[in-house]
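Colleague: I would like to see how this sequence folds:
(2 chains)
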Amino acid sequence: MSALSACSGAIFGLNQPMASINQNRYPNLLPNFRNQGVMLRLLLIVVVMTAVAAALKSSNWTGMLNQCLSLSALAQPTAILSLLLLGVADRWLHKLEYALAVAVIVVVELGIVTVVVIATDSVFTPDSPGLARSWFFTAVATLLVLAYFNLRSRMLSPALTEARLQALQARIRPHFLFNSINAVLSLVRTEPRRAETALEDLADLFRVLMADNRDLVPLAREVELCRQYLGLEALRLGNRLQVEWQADKMPGDALVPPLLLQPLLENAVYHGIEPSMEPGLISIQIFSDRDQVRMLLRNPYREGGSHHSGNKMALANIRERLSLHFDAEASLQTHAGDGHYEVRITLPYVREEK
Amino acid sequence: MSRHPDSLRIVIVDDEAPARSRIRDLLEDCAGSFPIELAGEAASGRELLTLLEETPADVVLLDIRMPEMDGLEVAQHMLKLPEPPSVIFTTAYNDYALKAFELHAVDYLLKPIRLRRLHEALTRVRAITPLRLDVLQQITPDARTHLSVQERGKVVLIPLPEILYLRAELKYVTIRTAAREFLLEESLSKLEQEFSGQFVRIHRSCLVAKAHITGFEKDGGDGGEARWMVTLAGLDEKLPVSRRQQHIVKEMGRTVV
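Modeller: Below you'll find the model as predicted:
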């Protein structure tokens, strides 16, 4: 495995370690406290725990509601303060050993709850659970939450390894391979230099296809791959394939799952360009919008085309990999109509750590 | 390439220019060992049929996956020529069709094509059994995109979207487009099956293109019941709906403005 990752690192020309998301063999035992999905889960867990604790402490509904309120008055500020602090310290925490990071987080949580209890004590004196019990409750809750994220990432990590296999599944259609080789063969006698370039591009494409695609890659690399791919398609389709790139302002250092765009372009060629004798335009727009990266792919589309299963498979595969890497922060939407087919992708602007 | 009275006249059909040039190169290599004449090249089925009007050929090297009309359909239309050339299909990938080809001894070449395989295929081309329409129909999974009729030794293609209605006459089916009529030697019930998505039966002997229906009118029946009539875009003629098919007025009426 390590040889493979080293190999993929070499391909993408990265000598620095990859982004924090994939540094470890397991993606992360510690959650990414800056991810919205993680934040949402944390808040939900706290609410549920509060409700359960309230239910245990009281015998009737009114009692439970009161308990809930008084516990929430402690738990919610604690949770929100924790999210703030952990979000700020996220990078630093991920550099620590796992056990040390857990210890640090528990201490931080105890600190926060102490502050909250002292601050609220004056307001809610009658029912306050007291500092000792709050400490106990907070320590248990923190450990449970961390255990949950630990388990979750272990559960997802085979899935992340699988993302590599799935990337392979989203592989180039054999139809494309054989047609391309055929096109290259036709160049060998008349234009040997173009044939050379084409073969080199083909080799690059397949190197990526066979690489360990678990790791995120810089967007610039993926775009380069797409250009090589479209170059090969242009070889055989001639002027039927028109391509328009609007990517001058793209954040080339943004990290994306490998083979994010290439399979989509392959679909665009297969469904939008090949079925017509007339020239068709594929346009690709990539730009960053605050802390997000947005992509828009557009190709001609005819109602009633019959080969949609391949397209759906590629889309499902990309959606799955996006959610594995970015949870709820990434999205992929498609829209068909008006003679065009569109794919919109939004993902968080994650950069490599320097 | 040398011209020789017995030389094999070949036409290359592929929508991709490099694929055609590759086969051209290989044919040049073959030319050394037996007489070949490149009769022409076409980038689509329509181009091929036009080419064959002027240029007789013995063999067509026919790509399967092409825009507008795939190779299997082109071969069906080509069979309407007085002397259809032999067909060797070419394909880049193990299509659904290959198994059927094996089964019915239809000749094909896998791209990238090897010189040796091309040579073999051309050597035995005079011996292979001609393609049969029923076999081709069996292999082709999709409905045709065109109908074709033979007129004065030529194959005329009629794109499906241009057809307004199909009406069974005594021995033929009349194809009606906005411009004119054609006579087709096929059965209406088979056509109904093949194009069930695009056509609807309004009468025992008539299929109408759904896309061209503009509305339904009640025709004051003299004394008897009034009949529903279909009106079609770009056609003055109105077509009667039989009583058995009246339910389509309701079904279609909703979708027609």
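
Colleague: Could you confirm A:Leu29 falls within a helix?
Modeller: No. In this structure, A:Leu29 is coil, not part of a helix, as judged by DSSP: H, G, I helix; E, B strand; the rest coil.

Colleague: The residue in the stretch 51-200 of chain B positioned nearest to chain A: what's it in contact with?
Modeller: Here the stretch 51-200 of chain B gets closest to chain A at one residue, B:Ala92, 4.0 Å apart by Cβ to the nearest Cβ. C-betas here are computed from N, CA, C, even on glycine. Residues in contact with B:Ala92 (Cβ atoms under 8 Å, 6 or more residues apart in numbering or on different chains) are A:175, A:178-179, A:182, B:65, B:110-111.

Colleague: Just give the nearest non-adjacent residue to A:Val208, would you?
Modeller: Of all residues not flanking A:Val208 in the chain, A:Leu225 sits nearest, at 5.8 Å (Cβ to Cβ, 6 or more residues apart in numbering or on different chains).

Colleague: So A:Phe287, which state does it fall into?
Modeller: Taken by three-state DSSP, the conformation at A:Phe287 corresponds to strand.

Colleague: Might you report the residue contacts of it?
Modeller: A:Phe287 touches A:246-247, A:249-250, A:293-294, counting by Cβ under 8 Å, 6+ apart.

Colleague: Return the member of the residues you listed nearest to A:Thr120.
Modeller: A:Val293 (41.5 Å; Cβ to Cβ).

Colleague: distance of the closest residue to that closest one other than its chain neighbours from chain B?
Modeller: Once flanking residues are discounted, A:Val293 sits nearest to A:Ala254: 4.8 Å by Cβ to Cβ, 6+ apart. Separation of A:Ala254 from chain B (Cβ to the nearest Cβ, to the nearest Å): 35 Å.

Colleague: and if you look at A:Tyr229?
Modeller: With Cβ to the nearest Cβ as the criterion, A:Tyr229 and chain B are 16 Å apart.

Colleague: Tell me where the chain has helices.
Modeller: The chain I'm using is chain A. A:2-11, A:36-57, A:61-95, A:98-121, A:131-169, A:174-190, A:192-210, A:219-237, A:262-267, A:309-326 (DSSP state H).

Colleague: Chain B was what I was after
Modeller: B:17-31, B:45-54, B:71-78, B:97-103, B:115-123, B:133-139, B:188-194, B:247-255.

Colleague: Show me what counts as buried in the longest one.
Modeller: Neighbour counts over helix B:17-31 (16 or more other Cβ atoms under 10 Å in any protein chain shown) mark B:17-27, B:30-31 as buried.

Colleague: if we can go back for a sec, just the buried residues of the contacts of A:Phe287.
Modeller: With burial judged by 16+ other Cβ under 10 Å, the buried subset of these is A:247, A:250, A:293.

Colleague: Identify the residues contacting the last one.
Modeller: Pointing back at A:Val293 there. Taking Cβ under 8 Å, 6+ apart, one finds A:219, A:250-251, A:254, A:256, A:286-287, A:345-349 in contact with A:Val293.

Colleague: can you rerun that using 6 Å?
Modeller: Going by Cβ atoms under 6 Å, 6 or more residues apart in numbering or on different chains, A:Val293 touches A:251, A:254, A:347, A:349.

Colleague: quick one: A:Trp135 from A:Thr78, how far?
Modeller: Distance of A:Trp135 to A:Thr78, computed by Cβ to Cβ, to the nearest Å: 12 Å.

Colleague: er, B:Tyr172 I mean
Modeller: Taking Cβ to Cβ, one finds B:Tyr172 at 86 Å from A:Thr78.

Colleague: Same question for B:Met252.
Modeller: 66 Å.

Colleague: now do A:Ile345
Modeller: Taking Cβ to Cβ, one finds A:Ile345 at 37 Å from A:Thr78.

Colleague: Between those two, which is the more surrounded one?
Modeller: Shown here are A:Ile345 and A:Thr78; by other Cβ atoms under 10 Å in any protein chain shown, A:Thr78 has more neighbours (25 against 22).

Colleague: pretty sure the more buried one contacts A:Val117?
Modeller: No. Between A:Thr78 and A:Val117 there is no contact under Cβ atoms under 6 Å: 8.9 Å.

Colleague: Tell me which residue in the stretch 201-350 of chain A sits closest to chain B.
Modeller: Counting by Cβ to the nearest Cβ, the stretch 201-350 of chain A gets nearest chain B through A:Arg236, at 4.6 Å.

Colleague: which bits of chain A sit near chain B?
Modeller: A:174-175, A:178-179, A:181-183, A:185-186, A:189, A:236, A:238, A:275-277 (Cβ under 6 Å from any Cβ of the partner chain).

Colleague: looking at those residues, which has the most residues close by?
Modeller: In terms of neighbour count, A:Ala183 stands highest of the residues of chain A next to chain B at 28 neighbours, by other Cβ under 10 Å.

Colleague: For it, list the residues it contacts.
Modeller: A:235-236, B:18.

Colleague: 7 Å instead, please
Modeller: Going by Cβ atoms under 7 Å, 6 or more residues apart in numbering or on different chains, A:Ala183 touches A:235-236, B:16, B:18-19.

Colleague: ok, back up a step: overlap in contacts, A:Trp135 and A:Thr78.
Modeller: When contacts are counted by Cβ under 7 Å, 6+ apart, the set common to A:Trp135 and A:Thr78 consists of A:Val113.

Colleague: low-confidence ranges in chain A?
Modeller: Chain A contains residues with pLDDT under 70 at A:1-28, A:121-129, A:157-173, A:303-310, A:354.

Colleague: And the stretch 101-250 of chain B, by the same measure?
Modeller: B:220-224.

Colleague: Show me what from it comes close to chain A.
Modeller: B:111-112, B:142 (Cβ under 7 Å from any Cβ of the partner chain).

Colleague: Buried among the residues you listed? Make that a PyMOL selection.
Modeller: Selection of buried members from those for PyMOL, criterion 16+ other Cβ under 10 Å:
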select buried, chain B and resi 111+112
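
Colleague: could I get the residues of the stretch 101-250 of chain B next to chain A as JSON lines with distance to A:Ser82?
Modeller: JSON lines is the format used below for those (distance: Cβ to Cβ, whole Å):
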{"residue": "B:Lys111", "distance to A:Ser82": "62"}
{"residue": "B:Pro112", "distance to A:Ser82": "62"}
{"residue": "B:Asp142", "distance to A:Ser82": "60"}
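
Colleague: quick check, nearest of the residues of the stretch 101-250 of chain B next to chain A to B:Pro82?
Modeller: B:Asp142 (27.4 Å).

Colleague: Could you report the neighbour count for residue 85?
Modeller: Just so you know, I chose chain A. There are 16 residues near A:Leu85, going by other Cβ under 10 Å.

Colleague: Can you look at chain B instead?
Modeller: Neighbours of B:Pro85 (other Cβ under 10 Å): 23.

Colleague: repeat for the one 3 residues further on
Modeller: Using other Cβ under 10 Å, the number of residues around B:Ile88 comes to 21.

Colleague: Once you drop chain neighbours, what's closest to it?
Modeller: B:Asp107 (4.7 Å).

Colleague: same deal with A:Pro174?
Modeller: A:Pro174 sits nearest to B:Tyr93 (Cβ to Cβ, 6+ apart), 5.2 Å away.

Colleague: now swap in B:Val74 and tell me
Modeller: That would be B:Gly45: by Cβ to Cβ, 6+ apart, it lies 3.5 Å from B:Val74.

Colleague: where's that neighbour relative to A:Ser331, distance?
Modeller: From B:Gly45 to A:Ser331 the distance is 42 Å (Cβ to Cβ).

Colleague: Neighbour count for the two, which is higher?
Modeller: Shown here are B:Gly45 and A:Ser331; by other Cβ under 10 Å, B:Gly45 has more neighbours (29 against 14).

Colleague: Just to check, that one is in contact with B:Leu72?
Modeller: No. Counting by Cβ atoms under 7 Å, B:Gly45 stays clear of B:Leu72, with 9.9 Å between them.

Colleague: Please look at B:Val13 and B:Leu49 and confirm they touch.
Modeller: No. Counting by Cβ under 7 Å, B:Val13 sits too far from B:Leu49 to count as a contact (10.1 Å).
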